[in-house]
Every structure is written in C-alpha cells, then in structure tokens.
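Enquirer: the following block contains a protein sequence and its predicted model.
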Amino acid sequence: MPVWLECDNCGYEHTIPERPDDPDGGTRCPECGERPYTVRRAGIVWHPDP
C-alpha cells in the first residue's frame with residue numbers, strides 16, 4: 001500500500017524521506033519547509049486518493 005506525505009501548508013506531495021535521527025529535527029516539506037503534513041495511503045476507502 002503506497003504511502004506519501006502531503007504538506008498541509010502548500011499541498012506539495014512527497015514520499016517519506018530517509019533521514020538520520022535528530023531530536024530537534026523532524027519531517028519538513030522540501031518545498032516550503034513547514035512541518036504540518038497529512039499522511040496519505042492509497043487504497044483505503046475512508047481516505048481516497050485526491
């Protein structure tokens with residue numbers, strides 16, 4: 001089941017990046033740099049592809 005992130009700020013869609021553990025870091029949008037995002041999964045009836 002494919003999984004991707006969608007930025008809640010700008011709507012940019014990207015895959016979950018590989019990154020080292022960083023206590024002050026976290027997943028950020030590569031386009032706008034913001035943190036809020038929604039995890040999307042293909043094939044789930046209650047959460048259809050946009």
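Expert: Now that the structure is in, tell me what you want to look at.

Enquirer: right, and I16 touches W4 too?
Expert: Yes. Counting by Cβ atoms under 8 Å, I16 touches W4, with 7.3 Å between them. C-beta: built from backbone N, CA, C; applies to glycine.

Enquirer: among those two, which residue is more densely surrounded?
Expert: Using other Cβ atoms under 10 Å as the criterion, I16 and W4 rank with W4 on top: 15 against 11.

Enquirer: partner strands of the one helix or strand the more buried one maps to, with direction?
Expert: Element membership for W4, per DSSP states H and E: strand 3-7. Using DSSP bridges, strand 3-7 pairs in its sheet with strand 13-14 (antiparallel), strand 37-41 (antiparallel).

Enquirer: right, so of the ones you listed, which gets closest to E31?
Expert: strand 13-14 (8.1 Å; Cβ to Cβ).

Enquirer: run through who's touching that closest one.
Expert: For strand 13-14, contacts defined as Cβ atoms under 8 Å, 6 or more residues apart in numbering pick out W4, L5, E6, C7, C29, P30, R40.

Enquirer: what about the nearest residue to the second one once chain neighbours are set aside, how many neighbours?
Expert: I take that to be L5. Distance criterion Cβ to Cβ, 6 or more residues apart in numbering; nearest residue to L5, sequence neighbours excluded, is Y37 at 4.6 Å. For Y37, the count of nearby residues is 20 (other Cβ under 10 Å).

Enquirer: Y37 is in contact with C29, isn't it?
Expert: Yes. Counting by Cβ under 8 Å, Y37 does reach C29; the two are 6.7 Å apart.
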